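Participant: Next comes the sequence, and after it the predicted model I'd like to discuss.
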Amino acid sequence: MNMENIYKNSDLNKPKSNKLDWLLIQNEMKKKLGSEVYESWLKKIDLIEEFNSYILISVPTRFIRDWITSRYLDQILHIVKSFKKDLIRIEFRIEEKNIDLQNQNNTKILPKKSENISFLKDSFLQYNRVDHNKRFENFVTGSSNKLAYEASLKVTENFSQYNPLYIYGGVGMGKTHLLNSIGFELKQKKKVMFIPAERFMYQFIKSIKANDMVKFKEYFRNTDILLIDDIQFMNGKEAMQEEFFHTFNALLEKGSQIIVSADRPPNKLSRIQERIKSRFSGGLVVDIQKPDLELRKNIIEKKINELNKVYADKIEISSEIKDFISLEISNSIRELVGAINRLISFSRIYNKLPNLAETKIVLKDLLNIGENKVTIDLIQTLVCKFFKISKNEMLSSRRSRYLVRPRQTAIYLTKILTPKSLPEIGREFSNRDHTTIIHSVKTIEKLKENDKDMAENIDKLKNQILYNTKENEV
Ligand code: ADP
Ligand code: MG
């Protein structure tokens, strides 16, 4: 069987139709809106579906949707239209997700191509750049990542001593950062090739289709340093593994250095040839563990410092908030960094730091709170408790002032914190008409603008509802 046949049914083999390529849009957004804005707010947008005249995208929280809508939607639409002018509208869906493996692993595409990082032709160009923002100098070490850091550093000093070097760890732990650091350090002198495994696969298949295998082989076998990110995504496909194995061996034989990252140890890789796994195990295998509290704190400090260097006006994040973040975001350094980025971006736009309650809302998708835990019943209960009225009173038709405000507040909070429609909300508030619901929401919105106490109370309540934990009880 020839290679053509093997790949006939592969998804990767399908011609790229005229569908929007979300990766390209993301790159444009990053370019046009800046990487800070992109990293903080836009990175998590996913394309769900493309329709004739609009696209449906997902965002992780309501807050982020509103934030994006009010600030960046026009520009995003503009970018989308520049790819396809028929698209005239963007619709959102709020989709809470746990960590999205596929998306976390796309290597960021970066400015300026660098001298020694070779490329075969334009199509390769995108995939082999080193991110200049990820270097050894800004990699903070702690007990969980020290070994991986030191092994990486050694590779740049003493070539081929550990070959291959295999770094593994969970999502957002700094693997790609280390691979970049190695590439960045070595590219001055050596021919460096940096590629996510997915892309390696993609190029491989593309080369077969284009009858370009000779170039493909030359290209990859020509490098001094081969960095392959997220090798777990290179699975199955015998012929490709065969080629990879040969490339791998050829490189090791000529003394090139290979560095591989993965989300698991070599022996746990599924659908990868035994002999490839065993070659991985034959080099140095190091892992990165979850960051401990101390490392998380150090990373927060470093990141704030870094961001403060870029702007003239320094932003001081209170230790209360720093403590909160370092305690709450403990699973991924990526999310920790994302949280800081977002807080700083928020502060810059509002010209003030968010307080703790606001911090929780801004970072909601990074903290472990599920949107669907918020029920109308919970909102009514907490609002009643807060205003010291009974639920019967809230749901009654009485219009005394001391009942109207709490009722409106509960309605308002239901509108902003749940996905319920106006008629649905009306039904839950003793069959009130949807116009009453609109009126309540508008009233509270106005009050919030003009009445500081009211705004604070609403914040407090929002906080209690989102973080319905003991510590927040009244
Ligand atoms: P992985 O590849 O393991 O999923 P990344 O290398 O992409 O993770 O890291 C995620 C984010 O966290 C990046 O912005 C990276 O720069 C940052 N990061 C990870 N580890 C560290 C560290 N030890 N010090 C500073 N920043 C880090
Ligand atoms: Mg990575």
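Facilitator: Thanks, I have it. Ligands and ions are numbered 1, 2, ... in the order given.
Participant: Stretch 40-50: which residues count as buried?
Facilitator: 40-47, 50 (16 or more other Cβ atoms under 10 Å). Yep, even glycine has a C-beta here, placed from its N, CA and C like the rest.
Participant: Any chance of JSON lines for the residues you listed, columns distance to Glu306 and pLDDT?
Facilitator: Listed next are these as JSON lines, based on distance: Cβ to Cβ, whole Å; pLDDT from 0 to 100:
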{"residue": "Ser40", "distance to Glu306": "14", "pLDDT": "88"}
{"residue": "Trp41", "distance to Glu306": "19", "pLDDT": "91"}
{"residue": "Leu42", "distance to Glu306": "20", "pLDDT": "94"}
{"residue": "Lys43", "distance to Glu306": "18", "pLDDT": "91"}
{"residue": "Lys44", "distance to Glu306": "21", "pLDDT": "87"}
{"residue": "Ile45", "distance to Glu306": "24", "pLDDT": "93"}
{"residue": "Asp46", "distance to Glu306": "28", "pLDDT": "92"}
{"residue": "Leu47", "distance to Glu306": "31", "pLDDT": "94"}
{"residue": "Glu50", "distance to Glu306": "37", "pLDDT": "93"}
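Participant: Look at Ile99 and report its pLDDT.
Facilitator: Turning to Ile99, the model gives it a pLDDT of 35.
Participant: swap in the one 5 residues further on?
Facilitator: For Gln104, the pLDDT comes out at 38.
Participant: Where do the strands of the stretch 151-300 of the chain begin and end?
Facilitator: 165-169, 192-196, 225-229, 257-262, 284-288 (DSSP state E, counting those that start in this stretch).
Participant: Can you tell me which of those is nearest to ligand 2?
Facilitator: Closest approach to ligand 2 among these (Cβ to the ion): strand 225-229, 5.7 Å.
Participant: got the CA coordinates for that closest one in PDB?
Facilitator: The C-alpha coordinates for strand 225-229 follow below in PDB (Å, rounded to 0.1, in the frame of the first residue of the first chain):
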ATOM      1  CA  ILE A 225      18.200  21.100  17.200                       C
ATOM      2  CA  LEU A 226      14.800  19.600  16.900                       C
ATOM      3  CA  LEU A 227      12.200  20.700  19.400                       C
ATOM      4  CA  ILE A 228       8.900  18.800  19.200                       C
ATOM      5  CA  ASP A 229       6.100  20.100  21.400                       C
END
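Participant: For that strand, which outside residues touch it?
Facilitator: 105, 107, 175-176, 179, 182-183, 186, 190-197, 200, 220, 234, 247, 251, 256-261 (Cβ atoms under 8 Å, 6 or more residues apart in numbering).
Participant: could you redo the last one with a cut-off of 6 Å?
Facilitator: 107, 176, 179, 183, 186, 190, 192-194, 196-197, 251, 257-261 (Cβ atoms under 6 Å, 6 or more residues apart in numbering).
Participant: Return the distance of the residue of the stretch 51-200 of the chain found nearest ligand 1 relative to ligand 2.
Facilitator: Using Cβ to the nearest ligand atom, the closest approach of the stretch 51-200 of the chain to ligand 1 is made by Gly174 at 2.7 Å. According to Cβ to the ion, to the nearest Å, Gly174 and ligand 2 sit 8 Å apart.
Participant: going forward, begin numbering at 46 instead of 1
Facilitator: Okay, residue one is now 46; in that scheme the one you just asked about reads as Gly219.
Participant: Can you report how many residues neighbour that residue?
Facilitator: 28 (other Cβ atoms under 10 Å).
Participant: Could you pull up the residues touching it?
Facilitator: Neighbours of Gly219 in contact, by Cβ under 6 Å, 6+ apart: 190, 333, 378.
Participant: Please pick the buried ones from those.
Facilitator: Of the contacts of Gly219, these count as buried by 16+ other Cβ under 10 Å: 190, 333, 378.
Participant: Against ligand 1, which of these make the cut? List them.
Facilitator: Filtering the buried ones among the contacts of Gly219 for proximity to ligand 1 by Cβ under 6 Å from any ligand atom leaves 190, 378.
Participant: my hunch is that Leu192 is in a strand, does that hold up?
Facilitator: No: counting by DSSP: H, G, I helix; E, B strand; the rest coil, Leu192 is located in no strand; its state is helix.
Participant: where's the closest residue to it other than its chain neighbours relative to Ser197, distance?
Facilitator: Closest residue to Leu192 apart from its sequence neighbours, by Cβ to Cβ, 6 or more residues apart in numbering: Val331 at 4.8 Å. Distance, Val331 to Ser197, by Cβ to Cβ, to the nearest Å: 9 Å.
Participant: Neighbour count for these two, which is higher?
Facilitator: In terms of neighbours (other Cβ under 10 Å), Ser197 is the more surrounded of Val331 and Ser197; the figures are 26 against 20.
Participant: How about the more buried one, nearest residue that isn't a chain neighbour?
Facilitator: Nearest one to Ser197, counting by Cβ to Cβ, 6+ apart, is Leu223 at 4.6 Å.
Participant: got it, and Ser301?
Facilitator: Asp269 (5.2 Å).
Participant: That neighbour reaches Met238, doesn't it?
Facilitator: No: counting by Cβ atoms under 6 Å, Met238 is not a contact partner of Asp269; they are 8.4 Å apart.
Participant: Got the domain ranges for the chain?
Facilitator: 48-139, 165-333, 338-407, 417-517 (automatic domain parsing).
Participant: Check the ones you listed for me: which has the lowest mean pLDDT.
Facilitator: Across the domains of the chain, domain 48-139 gives the lowest mean pLDDT, at a mean of 83.
Participant: so does that domain get close to ligand 1?
Facilitator: No: judged by Cβ under 6 Å from any ligand atom, domain 48-139 and ligand 1 are separated, with a smallest distance of 7.8 Å.
Participant: quick check, distance from that domain to the centre of its chain.
Facilitator: On the basis of Cα atoms, centre = their mean, to the nearest Å, domain 48-139 sits 14 Å off its chain's mean C-alpha point.
Participant: Relative to Ile378, how far out is the residue in the stretch 96-245 of the chain positioned nearest to ligand 2?
Facilitator: Per Cβ to the ion, the residue of the stretch 96-245 of the chain with the smallest distance to ligand 2 is Thr221, at 3.2 Å. Distance of Thr221 to Ile378, given as Cβ to Cβ: 11 Å.
Participant: and if you look at Ile333?
Facilitator: Counting by Cβ to Cβ - Ile333 and Ile378 are separated by 9 Å.
Participant: And Leu398, by the same measure?
Facilitator: Distance from Leu398 to Ile378, by Cβ to Cβ: 22 Å.
Participant: returning to that earlier point: please identify the most buried of the domains of the chain.
Facilitator: Highest mean neighbour count of the domains of the chain: domain 165-333, a mean of 19 (counted as mean count of other Cβ atoms under 10 Å).
Participant: what kind of secondary structure is Gly383 in?
Facilitator: helix.
Participant: Please save the CA atoms from stretch 387-407 in CSV.
Facilitator: C-alpha atoms of stretch 387-407 as CSV (Å, rounded to 0.1, in the frame of the first residue of the first chain):
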residue,chain,number,x,y,z
ARG,A,387,-6.6,40.1,33.0
LEU,A,388,-6.5,42.0,36.3
ILE,A,389,-4.0,44.4,35.0
SER,A,390,-5.9,44.9,31.8
PHE,A,391,-9.1,45.5,33.8
SER,A,392,-7.3,48.1,36.0
ARG,A,393,-5.9,49.9,33.1
ILE,A,394,-9.3,50.3,31.4
TYR,A,395,-11.1,51.3,34.6
ASN,A,396,-8.2,53.1,36.0
LYS,A,397,-8.6,51.3,39.3
LEU,A,398,-7.9,47.9,40.6
PRO,A,399,-10.8,45.6,41.0
ASN,A,400,-11.7,44.8,44.6
LEU,A,401,-11.9,41.2,45.7
ALA,A,402,-15.5,40.9,44.7
GLU,A,403,-14.7,42.2,41.2
THR,A,404,-11.7,40.1,41.0
LYS,A,405,-13.8,37.0,41.5
ILE,A,406,-16.1,38.1,38.7
VAL,A,407,-13.3,39.0,36.3
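Participant: Great, nothing more from me.
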